[in-house]
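Trainee: Quick one, what's the 3D model for this:
(one chain, ligands or ions: 1)
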Amino acid sequence: MEKDDDDTLQFHEMGIDDRILEAISKLGWSQPTPIQEKAIPLALQGKDILARARTGSGKTAAYAIAVIQKLLHMKQTASLQATRAVILTPSKELCNQARRNILELTTGCSRDIKCVDISPQVPLASQRPLLMEKPDIVVATPSRLLAHIRAENINVKKTLEILVVDEADLVFSFGYESDVKELLDNFPKIYQAFMMSATLGEDVKNLKKMVLHNAVILKLEESQLPETSQLNQYQIKCEENDKFALTAALLKLNLVRGKSIFFVNSVNKCYLLKLFLEQFGIRACILNSELPVNSRCHIVNQFNEGLYDYVIASDESVNAASSSKKSDSKAKEKPKRLKKSDSEYGVSRGIDFYNVSNVINFDFPPNPDAYIHRVGRTARADNPGTALSFVSVKDNEKLIEVEEALLGENGTDSVFKPYNFKMEEIEGFRYRAKDALQAVTRSAIQEAKMKDIRQEILNSNKLKSYFDDNPQDLQALRHDKPLHAVKTTKELKHVPEYIVPDTLRNMRRSGNTRSDSHSVRFKQGRPVSQAEKKFRKRKADPLKSFEFAGLMENKKKKQKK
Ligand SMILES: Nc1ncnc2c1ncn2[C@@H]1O[C@H](COP(=O)(O)OP(=O)(O)OP(=O)(O)O)[C@@H](O)[C@H]1O
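Mentor: Purely as a prediction, here's the structure:
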């Protein structure tokens, strides 16, 4: 096959249908990612594939393009409509995302390729008509597909040609092993299968034995996270309570710029941080396993459309799954369902948040896997990104574990750069944060949580048909509204000059900082005009935000001279 100068096999050299090529070009993808370059041609040759590539490397399109191409080809000769491809993913969000990806790639052939996602938790009977139409591709979690097979709403025993298991490493830890075994009894003996995973652990190997036949194993020789040229990873040592002051300072002083995801370790912490930030006039959305799935998907979609800057996410169900895996790797039972929460939830796993500039580990993740998946929400595809982890004394051991896991591949250079932030310079924020934190009592958290979840259940009902019909009016539905469970002290919203670190004040005077929607209102005598604000916004590169600490140091040095 003809190769381009740089030796990368291009999409148009893979024998892909023009309609898919057009969709790829509309998505603005100029060339395949390494996993796509390797996997698509093998898939089109009919091979079973186990693909291991790091998070954010384009695995979804790697299988989706191959599946669509193969189905288009089959349909040239097949006379009967049938469900020929099944895509299994471990969470409802991932099912929603896989379907969206397939829709994007089939814009030019939407009449030929029908794809449905049956993961939403609506009564099985209400999805029966969808399945009766025998869509070409069915996307589901393993348990949901099994429920429909048992209800005789779908039968693929004679028709299945392609099976995909996405995020395969989560399938067992999410407790789907017995579901997958039973599903295999309902599949034909021969079909082509792809398994995609960010890791190749024991669970994936076991699943491979069950699902794949003579598979080609594609294990890209790459680190689990992008190189430092694409992803900067920082850590900052701080006391537990200082995390709040630090977050307020980073946001109010515009040291964190661009879309950011804050990870915490529990649902209650989501609300604590949200109520805390609310007092500083900072809005954020919450994502956790207790919210209804429609709301969760809608939040991600709206975040991707640019409606929100900040998400506070807890990934407790994945943590529960991975720690149950760790404590007893032989235990194959379903991890205990979290009270009122959704065990088919995984915000840090596989969710494609667009253009995330920063991932902030407000709480340090419980293990290296969780770190990799959280941080994998930024620097996706070829976008740059930054990760900042707050490390309190109790997290030191976990930091070393993560460092060892990442160093194992990269040699000896330290993965984490220290984020040189001087806590003593934000003493004013500390005082304010202390007051703001005291105002967020346990009962305020409970009240906010109940209110939010109640509201989201109402929203979720409105959203039921959203993903099919996409009505315009629902675009106005916001998920980052203040919860008002805490009496807001107005003065906290504006940052008086005296609490701004000296260095930043000086830089502001010399025009090195910028102002935006959450900007610090400096009393500099001259108000900043709208035109100037716009100019600064254009000029600022949000991805360089964390170089501020370095800039501060340089500035100081210059001043000393
Ligand atoms: N060839 C390409 N060129 C540019 N961007 C691409 C290309 N293929 C996929 N992408 C984009 O890369 C991002 C990450 O892709 P995807 O979600 O498939 O990654 P992934 O490997 O499945 O990650 P994860 O393991 O976290 O699920 C998506 O926003 C997708 O649109």
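Trainee: all contacts plus neighbour counts: C-alpha atoms, from now on.
Mentor: Noted.
Trainee: Which residues of the protein lie near the ligand?
Mentor: Within the chain, the positions adjacent to the ligand are 29, 31-33, 54-61, 198, 349-352, 354, 380-381 by C-alpha under 6 Å from any ligand atom.
Trainee: May I see the ChimeraX selection of the buried members of those?
Mentor: Entered in ChimeraX, the line below selects the buried ones among those, by 16 or more other C-alpha atoms under 10 Å:
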select :32,33,54,55,56,57,58,59,60,61,198,349,350,351,352,354,380,381
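Trainee: Show me the residues of the chain next to the ligand that map onto helices.
Mentor: In this view, the residues of the chain next to the ligand that belong to helices under DSSP state H are Lys59, Thr60, Ala61.
Trainee: wait, the last one sits on Gln36?
Mentor: Yes. Using C-alpha atoms under 8 Å, Ala61 makes contact with Gln36 at a distance of 7.2 Å.
Trainee: in the helix ranked longest in the chain, what's buried?
Mentor: Ranked by residue count, the top helix of the chain under DSSP H comes out as helix 442-463. Residues Ala444, Ile445, Glu447, Ala448, Lys449, Asp452, Ile453, Glu456, Ile457, Asn459, Ser460, Leu463 are the ones in helix 442-463 that count as buried (16+ other C-alpha under 10 Å).
Trainee: Check stretch 394-409 too.
Mentor: Neighbour-count burial for stretch 394-409, counted by 16+ other C-alpha under 10 Å, picks out Asp395, Lys398, Leu399, Val402, Glu403, Glu404, Ala405, Leu406.
Trainee: do you know how far the last one is from Thr378?
Mentor: Note on Leu406: its distance to Thr378, by C-alpha to C-alpha, to the nearest Å, is 16 Å.
Trainee: do the fifth one as well
Mentor: Using C-alpha to C-alpha, Glu403 is found at 18 Å from Thr378.
Trainee: Strands of the stretch 1-150 of the chain, start to end?
Mentor: 49-52, 85-88, 115-117, 137-140 (DSSP state E, counting those that start in this stretch).
Trainee: Please name whichever of those is nearest to Gln233.
Mentor: Closest approach to Gln233 among the strands of the stretch 1-150 of the chain (C-alpha to C-alpha): strand 49-52, 22.8 Å.
Trainee: In TSV, list the strands of the stretch 1-150 of the chain along with mean pLDDT.
Mentor: Compiled in TSV, the strands of the stretch 1-150 of the chain are given as follows (pLDDT from 0 to 100):
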stretch	mean pLDDT
strand 49-52	94
strand 85-88	98
strand 115-117	96
strand 137-140	97
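Trainee: before we move on, the earlier item: okay, among the buried residues of stretch 394-409, which ones form the most distant pair?
Mentor: Maximum distance among the buried residues of stretch 394-409 (C-alpha to C-alpha): 16.6 Å, for Asp395 and Leu406.
Trainee: Among the buried residues of stretch 394-409, which are located in helices?
Mentor: Short answer: the buried residues of stretch 394-409 in helices (DSSP H) are Lys398, Leu399, Val402, Glu403, Glu404, Ala405, Leu406.
Trainee: Please tell me how far the fifth one sits from Val415.
Mentor: Okay, so that is Glu404. Taken as C-alpha to C-alpha, the span from Glu404 to Val415 is 9 Å.
Trainee: swap in the fourth one?
Mentor: With distances defined as C-alpha to C-alpha, the gap from Glu403 to Val415 amounts to 6 Å.
Trainee: Run through the residues that contact the residue nearest to Glu401 when sequence neighbours are not counted.
Mentor: Distances taken as C-alpha to C-alpha, 6 or more residues apart in numbering put Pro368 closest to Glu401, at 6.5 Å, once the chain neighbours are dropped. Taking C-alpha atoms under 8 Å, 6 or more residues apart in numbering as the criterion, Pro368 is in contact with Lys398, Glu401, Val402, Ala405.
Trainee: Please apply the same query to Ile137.
Mentor: Thr83, Arg84, Ala85, Val86, Ile87, Ile113, Lys114, Cys115, Val116.
Trainee: Beta-bridge partners for it, please?
Mentor: Applying DSSP bridges to Ile137 gives these bridge partners: Ala85, Cys115.
Trainee: So, low pLDDT: which residues of the stretch 201-350 of the chain?
Mentor: 316-348 (pLDDT under 70).
Trainee: Quick check: pLDDT value at the closest residue to Thr83 other than its chain neighbours.
Mentor: Closest residue in space to Thr83, ignoring its immediate chain neighbours: Asp136 at 4.4 Å, by C-alpha to C-alpha, 6+ apart. If you check Asp136, the pLDDT there is 98.
Trainee: Please verify my assumption that Asp136 contacts Gln81.
Mentor: Yes. Using C-alpha under 8 Å, Asp136 is in contact with Gln81, at 7.5 Å.
Trainee: Between the two, point out the one with more neighbours.
Mentor: Neighbours per residue (other C-alpha atoms under 10 Å) separate Asp136 from Gln81, with Asp136 holding more: 22 against 13.
Trainee: Most proximal residue of the stretch 101-250 of the chain with respect to the ligand?
Mentor: In the stretch 101-250 of the chain, the residue that lies nearest the ligand is Ala198 (5.3 Å; C-alpha to the nearest ligand atom).
Trainee: Mind checking which residue lies nearest the centre of the chain?
Mentor: Centroid-nearest residue in the chain, with C-alpha atoms, centre = their mean: Ile351, separated by 3.5 Å.
Trainee: Can you give me the neighbour number for the nearest residue in space to it that is not next to it in sequence?
Mentor: Distances taken as C-alpha to C-alpha, 6+ apart place Leu94 nearest to Ile351, at 6.4 Å, with adjacent residues excluded. Close neighbours of Leu94, defined as other C-alpha under 10 Å, add up to 28.
Trainee: got it, and the one 4 residues further on?
Mentor: Burial measure for Ala98: 25 neighbouring residues, criterion other C-alpha under 10 Å.
Trainee: nearest spatial neighbour of it, skipping sequence neighbours?
Mentor: Among residues not flanking Ala98 along the chain, Thr60 sits closest, at 6.9 Å (C-alpha to C-alpha, 6+ apart).
Trainee: got a list of what that neighbour touches?
Mentor: Ala98, Asn101, Asp166.
Trainee: next one: Ala381
Mentor: Counting by C-alpha under 8 Å, 6+ apart, Ala381 has contacts Thr33, Gly56, Ser57, Gly58.
Trainee: I'd say the first one and Gly58 touch.
Mentor: Yes. Between Thr33 and Gly58 there is a contact at 6.4 Å, judged by C-alpha under 8 Å.
Trainee: Spatially nearest residue to Ala433, not counting backbone neighbours?
Mentor: Spatial nearest neighbour of Ala433, excluding adjacent residues (C-alpha to C-alpha, 6+ apart): Ala245 at 5.0 Å.
Trainee: Mind telling me what element that neighbour is part of?
Mentor: According to DSSP states H and E, Ala245 maps onto helix 242-252.
Trainee: same thing with Tyr371?
Mentor: Here Tyr371 is assigned to helix 368-375, by DSSP H and E.
Trainee: Which neighbours in the sheet does the helix or strand following that helix have, and how are they oriented?
Mentor: Downstream of helix 368-375, the first helix or strand assigned by DSSP H and E is strand 385-391. When pairing is defined by DSSP bridges, strand 385-391 lines up against strand 231-237 (parallel), strand 358-361 (parallel).
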